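Peer 1: Task: produce atomic coordinates for the following.
(one chain, ligands or ions: 2)
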Amino acid sequence: MIILAIESSCDETAMAVVKDGRTILSNVVYTQIDIHTLYGGVVPEVASREHIKKITVVLDQALKEASITPNDLDYIAVTSNPGLIGSLMVGINCAKVIACLYNKPLIMVNHIYGHIYANYLESDFLFPMIALVVSGGHTELVLMEDHFKFKVLGETLDDAVGEAYDKVARVVNVGYPGGPILDKMAHEGIASYELPHIKLGKDSYDFSFSGLKSAVINLYNKATSKGETLDYNNLAASFQNAVVDVLVSKTAKAALEFNAKHVIIAGGVSANKGLREAMESKMNDLDIKFTCPKMKYCTDNAAMIGAAAYFQILTNK
Ligand code: KG4
Ligand code: ZN
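Peer 2: Ligands and ions are numbered 1, 2, ... in the order given. Model (predicted):
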């Protein structure tokens with residue numbers, strides 16, 4: 001089954017041709033990060049216009065690299081939700097045109113399911129499975145009893161993890177997007193500052209990151225107003241330590257409660273080195289299989305949408 005997958009929900013214009021949910025015949029990602037860096041975050045209006053400029057270029061390249069024509073495709077899959085509406089519309093309209101022109105079935109894929117299925121590009125799934133979804137817009141703990149059976153156990157009550165990383169980085173003025181920058185700094189520092197590890201009670205699978213974010217920002221503002229300098233690498237390490245501790249402990253609790261055979265992490269923050277290492281070590285201790293996506297499939301891409309679409313079709317969802 002050959003699927004052309006399209007992803008344009010935020011600031012990446014991406015297309016991939018994926019065979020049988022796993023074999024990647026092409027994977028093209030045009031990222032707008034350099035443009036949004038000028039504004040310190042994604043500007044929706046600018047993002048939509050960039051998608052319009054690039055969508056046909058990315059389409060041509062994806063088909064060319066896969067050495068196929070649209071006639072060879074079995075399905076067109078596109079991210080339909082969640083995301084920036086103007087950005088989503090560009091990908092969806094492109095998908096509809098191809099589907100109409102070449103008489104191909106169109107599959108609408110949820111972006112979060114795409115992030116989860118980025119893991120299938122690496123490894124088969126064992127069920128029951130626990131997926132920790134951590135991106136710029138979402139933080140969710142999901143139980144999967146089978147393919148395309150998702151039960152949300154908990155989610156963030158305020159900021160998403162990636163959002164907290166980006167906001168802290170903006171205040172401390174280290175650049176955008178904040179996640180990869182703070183991750184790198186964290187590895188050069190030690191967690192010497194005391195910050196809250198907010199767990200919302202031992203029975204809760206929900207998350208809250210705004211208190212932690214505010215604690216870092218207050219620490220920074222207090223020091224600057226007194227003319228003191230903080231050790232930014234140590235601050236990044238302390239922030240990351242608090243984030244990772246909460247994410248790993250809640251995921252481990254869910255894995256034990258639901259007898260998980262497999263734990264995965266998904267979304268942009270799954271690229272975080274500290275999280276990958278800590279989760280792997282915890283799951284090793286618990287003797288539970290742990291896998292994570294290759295770095296290039298952690299952040300937004302269309303190969304993951306092709307993998308999710310494959311199982312959406314197989315399960316008739
Ligand atoms: O999944 P994604 O590409 O887009 C959304 O669907 O939101 O995630 C982007 C988010 C950004 O907030 C970015 O700062 C974060 O993922 N991110 C990271 C790392 N790499 C990307 N956060 C922490 N550590 C990283 N290494
Ligand atoms: Zn995403």
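Peer 1: Around ligand 2, pick out the residues from this structure.
Peer 2: Residues of the chain that fall close to ligand 2, judged by C-beta under 5 Å from the ion: 135, 300. C-beta here means a position set from N, CA and C on the backbone, and glycine is covered the same way.
Peer 1: one more time with 8 Å
Peer 2: On the criterion C-beta under 8 Å from the ion, ligand 2 has as its neighbours in the chain the residues 9-10, 111-112, 114-115, 135-138, 267-268, 299-300.
Peer 1: Now that we have these, which of them are buried?
Peer 2: Among those, those that count as buried by neighbour count (16 or more other C-beta atoms under 10 Å) are 9-10, 111-112, 114-115, 135-138, 267-268, 299-300.
Peer 1: Which strands or helices does the helix-or-strand element of the chain with minimal mean pLDDT pack on?
Peer 2: Within the chain, no helix or strand scores below helix 33-37, which has a mean of 92 by mean pLDDT, DSSP states H and E. Helix 33-37 is packed against helix 44-66, with contacts defined by 3 or more C-beta pairs under 8 Å, 6 or more residues apart in numbering; DSSP states H and E.
Peer 1: Can you give me the buried ones in the helix it packs on?
Peer 2: For helix 44-66, by 16+ other C-beta under 10 Å, it's 46-52, 54-55, 58-59, 62-63, 65-66.
Peer 1: Up against ligand 1, what does the stretch 201-317 of the chain have?
Peer 2: Contact residues, the stretch 201-317 of the chain versus ligand 1 (C-beta under 6 Å from any ligand atom): 267-269, 271-272, 299-300.
Peer 1: switch to 8 Å and redo it
Peer 2: Within reach of ligand 1 by C-beta under 8 Å from any ligand atom, the stretch 201-317 of the chain has these residues: 240, 267-269, 271-275, 298-300.
Peer 1: what's the spacing between the closest residue to A260 other than its chain neighbours and Y205?
Peer 2: Residue nearest to A260 in three dimensions, not counting chain neighbours: I130, with 4.6 Å by C-beta to C-beta, 6 or more residues apart in numbering. I130 sits 10 Å away from Y205, going by C-beta to C-beta, to the nearest Å.
Peer 1: cool, and Y39?
Peer 2: Y39 is 35 Å from Y205, by C-beta to C-beta.
Peer 1: ok, these two, which is more surrounded?
Peer 2: Neighbours were counted for Y39 and for Y205 using other C-beta atoms under 10 Å; Y205 has more, 18 against 10.
Peer 1: Buried residues in stretch 101-121, which are they?
Peer 2: Using 16+ other C-beta under 10 Å as the burial criterion, the residues of stretch 101-121 that qualify are 104, 107, 109-121.
Peer 1: which of those residues sit farthest apart?
Peer 2: Based on C-beta to C-beta, the longest span within those runs between K104 and N119 and measures 26.6 Å.
Peer 1: Okay, L230 and ligand 2: tell me how far apart.
Peer 2: Noted for L230: a distance of 31 Å to ligand 2, by C-beta to the ion, to the nearest Å.
Peer 1: So that residue is in contact with N218, correct?
Peer 2: No - contact status for L230 versus N218: not in contact, 11.7 Å apart, counting by C-beta atoms under 8 Å.
Peer 1: Of those two, which one has the most company?
Peer 2: Per other C-beta under 10 Å, whichever of L230 and N218 has more neighbours is L230, with 17 against 11.
Peer 1: That one and ligand 1, how far apart?
Peer 2: Distance of L230 to ligand 1, given as C-beta to the nearest ligand atom, to the nearest Å: 20 Å.
Peer 1: Next: M283.
Peer 2: Counting by C-beta to the nearest ligand atom - M283 and ligand 1 are separated by 19 Å.
Peer 1: Also N221?
Peer 2: Counting by C-beta to the nearest ligand atom, the gap from N221 to ligand 1 is 22 Å.
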